[in-house]
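S.K.: Just to be clear, the model below is a prediction. Sequence and coordinates:
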Amino acid sequence: MRENKIRKIWAGGGTVINGWLAIPSSISAELMAKQGWDSICIDMQHGAIDYSDALPMLQAISTTDTTPLIRIPWFDPAIIGKSLDAGAYGIICPMVNNRAEAQAFVAACRYAPQGLRSVGPLRASLYAGADYVKHANSTIITMAMIESAEAVKNVEDILTTPGLDSIYVGPSDLAVSMGENAGFDPRFPKVFEAIRHVGAMAKKHKVPAGIHVGSVQYGIEMIAAGYDFISYLSDFRMLQTIASKGLAALRAGKPDPSVP
């Protein structure tokens with residue numbers, strides 16, 4: 001079976017730098033995958049992407065050695081199974097608030113006897129190899145999103161869920177759940193402390209932790225806080241940022257050193 005690059009990096013003590021796709025386009029997926037990300041996630045929750053978009057995007061990513069992930073819209077064993085059968089090498093599951101939800105998520109991602117996933121890998125066997133079913137349980141990554149005050153309270157119970165490979169902080173939802181404004185890179189004292197606490201607990205239990213960041217500076221701080229998986233912006237946000245800055249600079253007649 002094809003190696004999971006994320007597992008290899010984590011096993012070597014490294015940090016995974018993950019790209020993010022919100023635009024429903026195989027061209028965008030191919031372009032992003034060729035930039036050298038360790039992994040890249042197709043966002044079926046908040047992006048404009050559904051399953052029929054995701055399948056050719058997975059095919060585009062597979063022209064590189066970038067590991068493909070999918071964030072599902074919500075916990076649903078049906079879409080988890082279809083995403084894995086299409087060739088996703090990991091699933092990011094939103095709003096996992098307690099151990100029972102984490103257990104259900106893991107079960108949906110694993111073949112029996114470890115779980116309840118139905119066998120029928122179709123494209124996954126083309127991408128990963130003919131021995132996919134034999135090795136899928138030890139290769140596919142399960143990432144439970146920690147994005148509420150309740151999940152932070154239960155983080156150790158979630159981290160010790162058998163078969164759960166990693167956790168992933170959604171900073172915007174976490175901030176809103178704690179009474180603050182949404183957005184990347186929150187520095188509200190309670191939220192920032194919760195994020196640092198989650199990173200520390202993940203290190204304590206030797207479970208890789210991920211987080212989505214909107215700046216390089218915040219990403220560097222999160223690595224120092226114990227995070228092993230950093231998602232940086234998205235194709236949508238990068239396009240939005242460069243277009244906005246470049247247009248403003250041209251209209252002002254003054255170059256902006258942050259854009260070409």
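M.R.: Happy to help now that I have it.

S.K.: what helix or strand does residue 144 sit in?
M.R.: strand 141-146 (DSSP states H and E).

S.K.: The following helix or strand past that strand - contacts with which helices or strands?
M.R.: Next helix or strand after strand 141-146 toward the C-terminus (DSSP H and E): helix 149-153. On a contact count with 3 or more C-beta pairs under 8 Å, 6 or more residues apart in numbering; DSSP states H and E, helix 149-153 meets helix 171-177, helix 189-204. Any C-beta I mention is one placed from the backbone N, CA and C, and that applies to glycine too.

S.K.: mind listing the helices for the stretch 51-200 of the chain?
M.R.: 51-61, 77-85, 99-109, 123-128, 132-139, 149-153, 155-159, 171-177, 189-204 (DSSP state H, counting those that start in this stretch).

S.K.: between these, which one is nearest to residue 220?
M.R.: When the helices of the stretch 51-200 of the chain are compared by C-beta to C-beta, helix 189-204 sits nearest residue 220, at 13.3 Å.

S.K.: Where does the prediction get shaky in this structure?
M.R.: Scanning the chain for pLDDT under 70 picks out nothing.

S.K.: re earlier: present the helices of the stretch 51-200 of the chain as TSV; the columns should include mean neighbour count and distance to residue 244.
M.R.: Below are the helices of the stretch 51-200 of the chain laid out as TSV (neighbours: other C-beta atoms under 10 Å; distance: least, C-beta to C-beta, whole Å):
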stretch	mean neighbour count	distance to residue 244
helix 51-61	20	25
helix 77-85	19	32
helix 99-109	21	37
helix 123-128	18	36
helix 132-139	16	40
helix 149-153	18	33
helix 155-159	20	36
helix 171-177	21	20
helix 189-204	18	26
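
S.K.: do you know which of these lies nearest residue 26?
M.R.: Nearest to residue 26, of all the helices of the stretch 51-200 of the chain, is helix 51-61, at 4.2 Å by C-beta to C-beta.
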